[in-house]
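Chemist: Below are the sequence and a predicted model for it; my questions follow.
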Amino acid sequence: MDNENGSSPTVTNCTFSQNAANQDGAGMTNSDSSNPVVTGCAFSSNNTIGIGGSGMFNNRSSPTVTNCTFIGNMGNSLRRRGEEC
C-alpha cells in the first residue's frame with residue numbers, strides 16, 4: 001500500500017503478507033505527510049531488495065500504529081532513510 005502526498009487512510013484488521021518491492025515498504029509506504037491510522041494489522045513475510053523497510057517504510061510521515069504485528073519481514077538495505085519496520 002503506497003500512501004503519498006498527504007493521504008491518510010484508516011486501515012483496520014488487514015494483512016500485508018508476501019509482498020515484494022525493489023525499494024521502500026513492500027507492505028506499506030508512507031511518505032510526504034501521509035499519516036495513516038493502522039489498527040490490528042499484520043505485516044508478515046514482506047521482502048525489500050533495496051533501501052527501505054520491508055514491512056513498513058515511513059519518510060516524512062507519522063502513522064499511528066496500534067496493535068499490529070511485524071513478523072518475518074526481510075530487507076537487504078545497505079543504507080537507511082526515513083523510519084523502517
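Modeler: Yep, that arrived. Numbers count the residues shown, from 1 in each chain.

Chemist: Can you list the buried residues in stretch 42-56?
Modeler: 42-48, 51-56 (16 or more other C-beta atoms under 10 Å). Using the backbone N, CA and C atoms, a C-beta is placed for each residue, glycine as well.

Chemist: Using CSV, please lay out those together with secondary structure, distance to residue 13 and pLDDT.
Modeler: Below are the buried residues of stretch 42-56 laid out as CSV (DSSP: H, G, I helix; E, B strand; the rest coil; distance: C-beta to C-beta, whole Å; pLDDT from 0 to 100):
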residue, secondary structure, distance to residue 13, pLDDT
42, strand, 9, 96
43, strand, 13, 94
44, strand, 14, 94
45, coil, 18, 93
46, coil, 18, 91
47, strand, 23, 90
48, strand, 24, 88
51, coil, 29, 75
52, coil, 25, 74
53, coil, 21, 77
54, coil, 21, 85
55, coil, 16, 89
56, strand, 16, 91
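
Chemist: Looking at the residues you listed, which is nearest residue 26?
Modeler: Distance to residue 26 across the buried residues of stretch 42-56 (C-beta to C-beta) is lowest for residue 46, with 3.9 Å.

Chemist: Put together JSON lines for the buried residues of stretch 42-56, with distance to residue 22 on each row.
Modeler: Rendered in JSON lines, the data for the buried residues of stretch 42-56 read as follows (distance: C-beta to C-beta, whole Å):
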{"residue": "42", "distance to residue 22": "23"}
{"residue": "43", "distance to residue 22": "18"}
{"residue": "44", "distance to residue 22": "20"}
{"residue": "45", "distance to residue 22": "17"}
{"residue": "46", "distance to residue 22": "13"}
{"residue": "47", "distance to residue 22": "10"}
{"residue": "48", "distance to residue 22": "8"}
{"residue": "51", "distance to residue 22": "9"}
{"residue": "52", "distance to residue 22": "9"}
{"residue": "53", "distance to residue 22": "13"}
{"residue": "54", "distance to residue 22": "11"}
{"residue": "55", "distance to residue 22": "16"}
{"residue": "56", "distance to residue 22": "16"}
